[in-house]
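Asker: here is my input; please provide its structure:
(2 chains)
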Amino acid sequence: MRAYLDLLEERAVRSIRKDFHHSTRCGRVCHVTITLNGERFELDSPLTVAALLTKLDIDPRRVAVEHNLNIVKRQTYPEVLIGEGDSVEIVNFVGGG
Amino acid sequence: MTDSPFVIAGRTFKSRLIVGTGKYSSHAVMAQAHAASGADMVTVAVRRVNISDRSKESLLDYIDDSIFLLPNTAGCYTADDAIRTARLGREAGLSNWVKLEVIGDERTLFPDNEALIEATRVLVKDGFIVLPYTNDDPIACRKLEDAGASAVMPLGAPIGSGLGIQNANNIRIIREFSKVPMIVDAGVGTASDAALAMELGADGVLMNTAIAGAEKPVAMAEAMKHAVIAGRLAYLSGRIPRKMYATASSPLEGVVGT
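Answerer: Residues are numbered from 1 along each chain as shown, chains lettered A, B, ... in the order given. Got it, this is the predicted structure:
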């Protein structure tokens, strides 16, 4: 029982910390919402494709990126800016026949 | 016997067997099967990166650098989606080759030939080397070739069915009709199916499930390697005509007791 209460408390603290972290990091300045691989995704500010890939821990050599239905050429990753309402697809190779 | 090299769009391949990368129990088994098959071209699919789980190993770490990657457009049901996927595949793989699939029906995975021909036309204009997966229909294959396809890839049977060559005569006719290489793609179940495809005149065979789904994929990959080589050699050797009755192999004269 004691251990269970500790667990609950720990979860609550973690949740508050997460909210705090979220509000300070994002809060009023979090105003960039994009669609990333079909899902809603929040950014602190507009990012370049290169910065987004770094943020997501994705090796740019292994993927292709589409920005608002246009293929983004690899050499332009540091220049192409992703902003509010943009749609981004990041794909890679998987097993297939 | 020396064979002419297997050339598609000016690129020479050592093996006439092309294999997939899907459905393996692990990447390691796949790599062993690839090595056993002797294939120097493998197909891969183009899919969204899993954003929330980046832990998965990359498929490409398990594909030998000497193997040529052929991205497919599997899962696309319209010409537009297939074109979009092909362009993404080109950017990810840095080659302009595509195994073009435009599927027309979920249960059979039969191609939508009309959309396939349209997508071929668009992609060829865009500089792609297009290898379309198509029905075993000589007229569709002719239209694909006219649209600029660098090979035609008729199915032997539905994808993953393992039924073997269902319409051997059509495969033979397609070979006769086509100036580009003909690769039998899909439907192979076992080694004799692959050998038959080659005996019918196929320039190559493409398969995934027959190897990946076998109980022993690495051994089956080796069997397929031999089957493709044997079938090709048999095709080039000029088989005997089929006859209704026996013709003795041993001399008719000098039989003991006559």
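
Asker: need the residues of chain A near chain B, please.
Answerer: On the criterion CB under 8 Å from any CB of the partner chain, chain B has as its neighbours in chain A the residues A:36-39, A:41, A:56-59, A:62-66, A:69, A:71-74, A:89-97. For every residue, glycine as well, the C-beta is placed using N, CA and C.

Asker: buried ones only from those, please, as a ChimeraX command.
Answerer: Only the buried entries of those go into this ChimeraX selection, using 16 or more other CB atoms under 10 Å in any protein chain shown:
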select /A:36,37,41,58,62,63,64,65,66,71,72,74,89,90,91,92,93,94,95,96,97
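
Asker: inside strands: which ones of the residues of chain A next to chain B?
Answerer: Assignment to strands by DSSP state E places the following of those there: A:36, A:39, A:41, A:63-66, A:71-72, A:89-95.

Asker: report the two of the residues you listed separated the most.
Answerer: Within these, two members stand farthest from each other by CB to CB: A:Phe41 and A:Gly95, at 26.0 Å.

Asker: could you list the low-pLDDT ranges of the stretch 101-250 of chain B?
Answerer: Along the stretch 101-250 of chain B, the model assigns pLDDT under 70 to no residue.

Asker: spell out which parts of it neighbour chain A.
Answerer: B:159-160, B:186, B:206-209.

Asker: redo that, cut-off 10 Å
Answerer: Counting by CB under 10 Å from any CB of the partner chain, the positions of the stretch 101-250 of chain B adjacent to chain A are B:101, B:133, B:159-160, B:185-186, B:206-212.

Asker: from those, which land in helices?
Answerer: Among these, the residues falling in helices (DSSP state H) are B:209-212.

Asker: just the helices in the chain please.
Answerer: No chain in the question, so chain A it is. Shown for chain A, the helices assigned by DSSP H span residues A:2-25, A:49-55.

Asker: let me rephrase: I mean chain B.
Answerer: Taking DSSP H to define them, one finds helices in chain B at B:27-37, B:79-93, B:113-125, B:138-146, B:168-177, B:191-199, B:209-212, B:217-237.

Asker: adding distance to B:Thr258 and mean neighbour count, write the ones you listed out as TSV.
Answerer: Shown next, in TSV, are the helices of chain B (distance: least, CB to CB, whole Å; neighbours: other CB atoms under 10 Å in any protein chain shown):
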stretch	distance to B:Thr258	mean neighbour count
helix B:27-37	52	19
helix B:79-93	70	22
helix B:113-125	62	20
helix B:138-146	52	19
helix B:168-177	42	17
helix B:191-199	39	24
helix B:209-212	51	25
helix B:217-237	35	19
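
Asker: contacting residues for B:Asp112?
Answerer: B:76-79, B:82, B:101-105, B:118-119, B:135 (CB atoms under 10 Å, 6 or more residues apart in numbering or on different chains).

Asker: from those, pick the one nearest chain A.
Answerer: Chain A has its nearest neighbour among the contacts of B:Asp112 in B:Glu101, at 9.5 Å by CB to the nearest CB.

Asker: touching, the closest one and B:Asn135? I think so.
Answerer: No: between B:Glu101 and B:Asn135 no contact is recorded; they are 11.9 Å apart, counting by CB atoms under 10 Å.
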